[in-house]
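Q: Just to be clear, the model below is a prediction. Sequence and coordinates:
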Amino acid sequence: MNPVSRIQSPASPATISEARINISNLRLRTYIGFNPEEKTKQQDVIVNAEICYRADPAFASDDEADALNYKSITKRMIQHIENGRFQLLEKLTADLLAIASEPEQVSFAEVRVDKPHALRFADSVSVTLSASRRGSN
């Protein structure tokens with residue numbers, strides 16, 4: 001085992017298992033909803049995503065080619081949101097989860113999409129979906 005992939009603690013050695021990338025509060029505008037006014041006026045959405053992958057090659061080599069390219073994932077999400085029209089938060093969230101989960105090295109992804117001011121007296125309404133690959137460890 002590569003010594004870089006072990007963290008020594010006073011009690012016992014631990015092995016790093018996965019990296020967790022968090023994309024926080026990505027604020028965009030899109031057409032979201034099924035009411036007539038929602039179909040003609042863009043609204044705000046806020047995206048949060050968590051993506052897990054084995055990072056051993058990346059931190060051992062310190063080479064960007066070995067890391068998950070979260071910038072390209074985020075760019076694809078932005079393009080999909082800004083160029084799309086969605087009736088349901090569930091559909092938009094599922095689409096973004098598919099984008100986040102696409103790279104083969106991703107073992108787990110979770111995406112939450114908030115629609116601010118969707119309900120009177122509430123800050124927002126959100127939908128969260130997650131997916132994991134079997135046998136990814």
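A: Yes, it's here. For clarity, every value in this text was computed on a predicted model and none was experimentally measured. Numbering: from 1, shown residues only.
Q: can we go C-alpha only for contacts and neighbour counts from here?
A: Will do.
Q: Name the residues that touch the longest strand anywhere in the chain?
A: The longest strand of the chain (DSSP state E) is strand 19-32. Contact with strand 19-32 is made by 38-55, 70, 78, 81-89, as judged by C-alpha atoms under 8 Å, 6 or more residues apart in numbering.
Q: Could you say which helix or strand holds the most centrally placed residue in the chain?
A: Per C-alpha atoms, centre = their mean, the C-alpha nearest to the average position across the chain is that of A49, at 2.7 Å. Using DSSP states H and E, A49 falls within strand 43-53.
Q: Quickly list what T128 is bridged to.
A: Using DSSP bridges, the bridge partners assigned to T128 are R112.
Q: So it versus A19, what's the distance?
A: 20 Å (C-alpha to C-alpha, to the nearest Å).
Q: where along the protein do the helices fall?
A: Secondary structure of the chain (DSSP state H): helices located at 36-40, 56-61, 70-83, 89-101.
Q: Pipe those helices into CSV and attach mean pLDDT per row.
A: Shown next, in CSV, are those (pLDDT from 0 to 100):
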stretch, mean pLDDT
helix 36-40, 90
helix 56-61, 88
helix 70-83, 98
helix 89-101, 98
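Q: deepest of those, which one?
A: Of all the helices of the chain, helix 89-101 has the most neighbours on average by mean count of other C-alpha atoms under 10 Å, namely a mean of 20.
Q: so what does it touch, helix or strand wise?
A: Counting contacts by 3 or more C-alpha pairs under 8 Å, 6 or more residues apart in numbering; DSSP states H and E, helix 89-101 is packed against strand 43-53, helix 70-83, strand 106-116, strand 124-132.
Q: Counting neighbours, which bits of the last one end up buried?
A: What that stands for is strand 124-132. For strand 124-132, the neighbour count (16 or more other C-alpha atoms under 10 Å) marks 126-128, 130-131 as buried.
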